[in-house]
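Visitor: sequence below, structure please.
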Amino acid sequence: MSIDKSLSNNGKLIRHRSVLTRSERVKALTNEGVWGEGRSVFGLPKVKTIKMRKKAKSTKEKVEEASSTAGKKE
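Guide: Sure thing, here's the model as predicted:
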């Protein structure tokens, strides 16, 4: 029996999430230096999340790809 596509998790948790878990928020606040030891985990301040963008190919890589495909056609 096969698994439905909606039930498989092929890297779905790797994508950007705008809502963090409490432990992730505490970790982010600790990295920023805002979190103090012994502080309550309830009523945490908001943590800004940064969307990760894919790096664009550099022009050098584009030129190399173009030259390699042009060499194959001839």
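Visitor: how close does the residue lying closest to Val41 once chain neighbours are set aside sit to Ser6?
Guide: Using Cβ to Cβ, 6 or more residues apart in numbering and skipping residues adjacent in sequence, the residue nearest Val41 is Arg22, 6.0 Å away. Where C-beta positions appear, they are placed from N, C-alpha and C, glycine not excepted. With distances defined as Cβ to Cβ, to the nearest Å, the gap from Arg22 to Ser6 amounts to 27 Å.
Visitor: which of the two has more neighbours?
Guide: Neighbours were tallied for Arg22 and for Ser6 using other Cβ atoms under 10 Å; the higher tally belongs to Arg22 (10 against 7).
Visitor: hmm, the more buried one is touching Leu44, no?
Guide: Yes. At 6.9 Å, Arg22 and Leu44 qualify as touching, with contact defined as Cβ atoms under 8 Å.
Visitor: got any ranges where the chain has weak pLDDT?
Guide: The chain contains residues with pLDDT under 70 at 9-16, 52, 54-63, 65-74.
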